[in-house]
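Visitor: Whatever this is, show me its structure:
(one chain, ligands or ions: 1)
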Amino acid sequence: MTKLEKIVLSYSGGLDTSIILKWLQETYGCEVVTFTADLGQGEELEPARAKAEMSGVKDIRIVDLREEFVRDFVFPMLRANALYEGQYLLGSSIARPLIAKHLVGIAQEVGAHAVAHGATGKGNDQLRFELAVNALDPSIKVIAPWRQWNIRSRMQLLEYAEKHRIPVPSDKRGEAPFSIDANLLHTSTEGKSLENPAEVAPDHVYQRTVDPVDAPDTPEIITIGFERGDPVSVNGKSMTPAALLTELNGLGGRHGIGRLDLVENRFIGMKSRGIYETPGGTILLTAHRGIESITLDRAAAHLKDEIMPRYAELIYNGFWFAPEREMLQALIDQSQAFVSGEVTLRLYKGSASVISRTSPCSLYSADLVTFEESAIAFDHHDAEGFIRLNGLRLRNWAARNGR
Ligand code: ARG
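Guide: A predicted model of the protein is given here:
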């Protein structure tokens with residue numbers, strides 16, 4: 001094993017990463033710097049400091065990344081209307097490259113040659129962390145204790161904690177808990193009874209949205225303002241990216257918006273079933289498509305839709321910092337120059353529906369589309385010729401087929 005001077009650990013303060021912290025100190029006998037990111041997971045972060053201090057950590061970093069997360073990661077992804085396998089808004093996938101970026105930044109600052117994370121060998125998250133580190137600083141080594149140590153079961157994990165006097169909260173003593181990942185964009189829940197896709201998810205897995213059945217009987221009307229593809233205001237009030245997403249999470253959660261029960265294909269090879277709650281993100285996707293509907297040219301919009309699955313898959317698979325993702329991003333960003341205006345939506349019992357849209361850069365022409373007499377010259381005979389030529393090959397084909 002190469003001797004390491006320092007390791008920067010992505011540390012939540014939870015049981016698993018507390019055990020990892022101890023294991024790193026024991027195994028490598030070197031200083032561990034902890035990094036805890038506030039991504040809006042809604043957890044107190046000060047306990048993480050206290051726990052790291054108790055474990056003898058001298059350099060403890062706790063950083064509020066909420067604005068950077070939404071501005072530089074979530075919003076660029078929303079400009080693409082990105083959905084993995086048609087449904088997943090990529091809430092965990094998009095958070096990992098940001099965490100990796102800061103792990104690398106701290107490692108460079110303190111002169112550490114390695115970073116460590118608590119993702120397991122079966123999931124997507126290890127790929128997202130490690131591919132990002134590779135792309136940002138190839139000299140940095142990544143340590144993934146879950147792939148290295150001999151702990152193979154929950155029991156062994158708890159034994160290790162006991163032996164090293166790491167406090168185990170009472171709710172973590174029994175059977176394995178759900179695997180939950182939360183941030184400003186979503187909460188994802190996997191494991192336990194959810195591992196059987198035939199089993200209906202119990203009500204208590206939902207943490208930030210009400211059951212649509214219990215949502216208010218009166219709809220709520222909201223207006224979202226967009227500038228160059230990004231949301232900038234809610235009901236006329238300008239907000240920072242993180243504040244805006246927080247506001248929409250509250251509204252969406254109250255109306256039961258953004259629940260998803262999904263079986264997806266992990267990059268590593270297996271199918272997995274998860275419950276996602278993405279209230280604000282779901283509203284924003286609908287609203288963004290609404291503003292694009294009047295501001296994007298047809299061919300531009302269709303090209304975006306063609307590349308979207310590819311772009312979403314890159315993010316899902318962990319290639320955020322890869323050249324092809326950046327190339328696609330440049331294309332997407334260029335398309336957004338005129339995606340400005342306002343979209344009004346109705347939130348009601350689990351759905352967010354666009355009910356009106358306006359834009360100073362609208363391409364929509366009532367004069368052009370109207371059934372009534374119009375000022376704009378449109379020669380109906382042109383349509384006749386257009387259809388005749390488009391039908392030319394079909395008539396030829398049908399005649400050959402003997403129809
Ligand atoms: N399956 C989702 C994804 O790959 C969520 C993963 C969340 N991570 C977790 N530790 N529960 O994006």
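Visitor: gap between stretch 4-12 and the chain center?
Guide: How far stretch 4-12 lies from its chain's middle: 25 Å, per C-alpha atoms, centre = their mean, to the nearest Å.
Visitor: can you pull the buried residues of it?
Guide: 4, 6-12 (16 or more other C-beta atoms under 10 Å). For every residue, glycine as well, the C-beta is placed using N, CA and C.
Visitor: cool, and stretch 39-56?
Guide: Under the neighbour-count criterion of 16+ other C-beta under 10 Å, stretch 39-56 has 39-41, 48-49, 51-52, 55 buried.
Visitor: Pull the distance from that stretch to the chain's centre.
Guide: 23 Å.
Visitor: again, but for stretch 291-311
Guide: Mean-position distance between stretch 291-311 and its chain equals 20 Å (C-alpha atoms, centre = their mean).
Visitor: Now do the buried residues in it.
Guide: Buried residues in stretch 291-311, counting neighbours by 16+ other C-beta under 10 Å, are found at 291-296, 300-301, 304, 308, 311.
Visitor: With distance to the ligand and secondary structure added, can I get those in JSON lines?
Guide: Output for the buried residues of stretch 291-311, formatted as JSON lines (distance: C-beta to the nearest ligand atom, whole Å; DSSP: H, G, I helix; E, B strand; the rest coil):
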{"residue": "Ile291", "distance to the ligand": "27", "secondary structure": "helix"}
{"residue": "Glu292", "distance to the ligand": "25", "secondary structure": "helix"}
{"residue": "Ser293", "distance to the ligand": "28", "secondary structure": "helix"}
{"residue": "Ile294", "distance to the ligand": "32", "secondary structure": "helix"}
{"residue": "Thr295", "distance to the ligand": "30", "secondary structure": "helix"}
{"residue": "Leu296", "distance to the ligand": "28", "secondary structure": "coil"}
{"residue": "Ala300", "distance to the ligand": "29", "secondary structure": "helix"}
{"residue": "Ala301", "distance to the ligand": "27", "secondary structure": "helix"}
{"residue": "Lys304", "distance to the ligand": "22", "secondary structure": "helix"}
{"residue": "Met308", "distance to the ligand": "17", "secondary structure": "helix"}
{"residue": "Tyr311", "distance to the ligand": "15", "secondary structure": "helix"}
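Visitor: What is the host helix or strand of Thr17 packed up against?
Guide: According to DSSP states H and E, Thr17 maps onto helix 15-28. The criterion is 3 or more C-beta pairs under 8 Å, 6 or more residues apart in numbering; DSSP states H and E, and the helices and strands that helix 15-28 contacts are strand 6-10, strand 31-38, helix 145-148, helix 154-163.
Visitor: And those: which comes nearest Glu85?
Guide: Of all these, the one in closest proximity to Glu85, counting by C-beta to C-beta, is helix 145-148 (25.4 Å).
Visitor: Helices along the protein, start to end?
Guide: Ranges of helices in the chain, per DSSP state H, are 15-28, 46-54, 66-69, 75-79, 95-110, 125-136, 145-148, 154-163, 241-254, 279-295, 298-317, 323-335, 366-369, 380-400.
Visitor: ok, back up a step: and the buried residues of stretch 291-311, which two are furthest apart?
Guide: Ile294 and Tyr311 (22.7 Å).
Visitor: Tell me, please, the helix or strand in the protein that averages the lowest pLDDT.
Guide: None of the helices or strands of the chain scores lower by mean pLDDT, DSSP states H and E than helix 366-369, at a mean of 91.
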